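Asks: Got a predicted model here, sequence first, then my questions.
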Amino acid sequence: MIFDNKFIQQRIEKAKLLKEAGFNPYTNESKRNCSIEKYLNVNSDIAESEEKRDENRHYIVSGRIKLLRIMGKASFVKIEDESGMLQIYVARDNLPEGFYNTMFKKNIEVGDIIEVAGFPFVTGQGELSLHADSLTLLTKAISPLPEKFHGITDKEIRYRKRYLDLIMNAEVRKTFQTRSKVISLTRRFFEDKGFLEVETPMMHPIAGGANAKPFVTHHNALGIDRFLRIAPELYLKRLIVGGFEAVFEINRNFRNEGMDTTHNPEFTSIEFYWAYKTYKDLIEITKEYFQYLFEHLNLPTMLPYGDIEVNFANFQEIPLIESLTTVGGVPAESCNDKESIIAYLNSKNITVKPGMNLGQLQGELFDEFVEEKLIDPTFITEYPVEISPLARRSDENPAITERFELFIAGREIANAFSELNDPIDQLERFEGQMAAKDSGDDEAHEMDSDFVEALSYGMAPTAGQGIGIDRLVMLLTNEHSIRDVLLFPAMKPLNGDEAEMQTEEN
RNA sequence: GUCUUGUUAGCUCAGCUGGUAGAGCACGUCACUUUUAAUGAUGUGGCCGAUGGUUCGAAUCCAUCACAGGACACCA
């Protein structure tokens, strides 16, 4: 039974006693007229006053009881609402006859949500508090809260029961408030630049726009399978074909792959597409975007992340091949042909899959020796065409693409390029992917002939970029697991959870 | 997927080379009208993640499983 715990039984009993005494333990009659933050601000002058109290002011505040100190005929109660924590002084003789001893002391406890009315005063210890003249129970908590000092630290409970984590850990609430602001600022930034926010399908007939395994669902009315989208890219580009010149979408993508500290099966990204622009314009708007975020989030330019510090005033731009030597320390003569790269990798005890081409091997060098060393924001440009199937070739050098990836604190934060808009080239690349799929690459891109047809009507030269919002929030909040920036991260069902086990079997 | 570390009271954690379970907080009772993790006294609270094995005897040793944390691999 879910409520068979002894402490819960005790609390259910108290709720019953309250009900019998005429107090509804789940009343809907809240009369709050002041948030705790506002109360503390408005009454901050009391500390300077002669009497340290002002009985002419009167407030009604509400919140959950976090601490309770009963000292005979008087008690101190700390209540918390979304805006902050406030100490309440409750004395027997200031409350209705009998209420303190029979109701308050017996039936009100930590975890309950109460409403208190009274006047502001400052205690002997100098804490601005509220002197209660009435106290009402709004909501009875029948499950006890975790321990008051250590709170809740077990990560499994924190993720599975996020509400408890939020009740107990103020800094967790802060992280999610920051996340919300990041999304709202992102939206505002792009709107102010003239971008149009759009919504494209989450259920795709063909899972395109990235190379990843999709989740499959079924549409009964049409009798066909649908794929949860792995990326919105191909739909957003159709909109550019249609004549919108700047669009963005902030939404979820779903990838049926592993989970770890930087991967959740559903994650949030912004993708934006900008006609008549190139990846060089994207570098500029990205710098501006970060500046905008830092300014509106009041973040320091030198941002701590774990053991390191990231200097957001120091944006760098390095071509990939150059970064191999200047950042990665790979000898220049080991960067430009397959044999010497393989020899160099082998000399560092790194084995490579046979059959890799030059671009892939250069990518391998980058992953091994460069990526983790890129602490300050760095745009890596001039990606080899072999590892950039969706990007446009450079007009000057057909071996490289007009692309960059942005790295911060050793992690990829954004991926951007001038878009391929040649329909014949796009068709051939899809056909190449189909061949790869036939020879066993189950993540190769699907053929999307409808998209090719869209391109055939002509897509203006366009630059497009994707930014992983979850990883960005991790960076800005100094969190090192994606689960700490997702309110409800994906978890395996617990053994014995019948509802979820059922789904497992089907 | 591999390696590794966990899982003991509502929460945070002890429990040594096997001898039928302990603390703090919380909760109950009592005292206490300015406390700050309030304090003092006293009491209740456990299928030691699950299943098997070894043993006279298992929270402890072994195996399998479940879930979680971390690392690695995969995710161009």
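Replies: The structure has been received and is ready for your questions.

Asks: Next, count neighbours for the residue of chain A found nearest RNA strand B.
Replies: Nearest residue of chain A to RNA strand B, counting by Cβ to the nearest atom of the strand: residue A:72, 2.3 Å away. C-betas here are computed from N, CA, C, even on glycine. Residue A:72: 8 surrounding residues under other Cβ atoms under 10 Å.

Asks: what's the answer for residue A:291, then?
Replies: 15.

Asks: Show the model's pLDDT score for it.
Replies: Predicted confidence (pLDDT) for residue A:291: 97.

Asks: That one: what secondary structure?
Replies: Put simply, residue A:291 is helix when judged by DSSP: H, G, I helix; E, B strand; the rest coil.

Asks: Likewise for residue A:349?
Replies: coil.

Asks: and the stretch 251-400 of chain A, which residues reach RNA strand B?
Replies: Proximity of the stretch 251-400 of chain A to RNA strand B, by Cβ under 7 Å from any atom of the strand, involves residues A:255, A:257-258, A:260-261, A:263, A:360, A:363, A:387, A:389-390.

Asks: In the residues you listed, which has the lowest confidence score?
Replies: For these, the pLDDT minimum is residue A:389, 76.

Asks: pretty sure that residue contacts residue A:433?
Replies: Yes. Under the criterion of Cβ atoms under 8 Å, residue A:389 is in contact with residue A:433, at a separation of 7.3 Å.

Asks: neighbour-wise, which of these two wins?
Replies: A direct count of neighbours by other Cβ under 10 Å for residue A:389 and residue A:433 places residue A:433 higher, at 20 against 17.

Asks: circling back to that earlier point, return the closest of the residues of the stretch 251-400 of chain A next to RNA strand B with respect to residue A:163.
Replies: Closest to residue A:163 out of these is residue A:261 (22.9 Å), distances taken as Cβ to Cβ.

Asks: neighbours of the nearest residue to the closest one once chain neighbours are set aside, just the number please.
Replies: Distance criterion Cβ to Cβ, 6 or more residues apart in numbering; nearest residue to residue A:261, sequence neighbours excluded, is residue A:481 at 4.5 Å. Neighbourhood size, residue A:481 [other Cβ under 10 Å]: 15.

Asks: what residues are up against residue A:325?
Replies: A:331-332, A:335 (Cβ atoms under 8 Å, 6 or more residues apart in numbering).

Asks: Select from those residues the one having the most neighbours.
Replies: residue A:335 (22 neighbours).

Asks: Tell me the pLDDT of that one.
Replies: 88.

Asks: what helix or strand is the spatially closest residue to it that is not a sequence neighbour on?
Replies: Once flanking residues are discounted, residue A:335 sits nearest to residue A:324: 4.9 Å by Cβ to Cβ, 6+ apart. Per DSSP states H and E, residue A:324 falls inside helix A:320-326.

Asks: follow-up on the earlier one: quick check: phi and psi on the residue nearest to residue A:261?
Replies: phi -130, psi 140 (degrees, to the nearest 10).

Asks: Check the one 5 residues further on too.
Replies: Backbone torsions of residue A:486, given as degrees, to the nearest 10, read phi -110, psi 130.

Asks: That one - nearest residue in space that isn't next to it in sequence?
Replies: Residue nearest to residue A:486 in three dimensions, not counting chain neighbours: residue A:264, with 5.8 Å by Cβ to Cβ, 6+ apart.

Asks: Contact partners for the one you found?
Replies: So residue A:264 contacts A:470, A:482-483, A:486, A:489-490 (Cβ under 8 Å, 6+ apart).

Asks: for RNA strand B, what are the nearby residues on the stretch 51-200 of chain A?
Replies: A:67-74, A:76, A:87, A:89, A:91-93, A:106, A:109-110, A:121, A:123-127, A:129, A:131, A:144, A:146-157, A:159.

Asks: picking up where we left off before, among the contacts of residue A:325, which are in helices?
Replies: Taking DSSP state H, every one of the contacts of residue A:325 sits outside helices.

Asks: How many residues are close by residue A:180?
Replies: Neighbours of residue A:180 (other Cβ under 10 Å): 11.

Asks: Look up the residues forming beta bridges with residue A:226.
Replies: Following DSSP bridges, residue A:226 is listed with bridge partners residue A:217.

Asks: Could you do residue A:53 as well?
Replies: residue A:121.

Asks: Can you read off the pLDDT for it?
Replies: 95.

Asks: got it, and residue A:348?
Replies: Looking at residue A:348, its pLDDT is 82.

Asks: separation between it and residue A:334?
Replies: 10 Å (Cβ to Cβ, to the nearest Å).

Asks: do the same with residue A:215
Replies: 41 Å.

Asks: Once you drop chain neighbours, what's closest to residue A:151?
Replies: residue A:168 (4.1 Å).

Asks: can you pull the contacts of that neighbour?
Replies: Counting by Cβ under 8 Å, 6+ apart, residue A:168 has contacts A:145-146, A:151-152.

Asks: Quick check: phi and psi at it.
Replies: Taking degrees, to the nearest 10 as the convention, residue A:168 sits at phi -90, psi -30.

Asks: for residue A:440, same thing?
Replies: The phi/psi pair for residue A:440 (degrees, to the nearest 10) is phi 110, psi -10.
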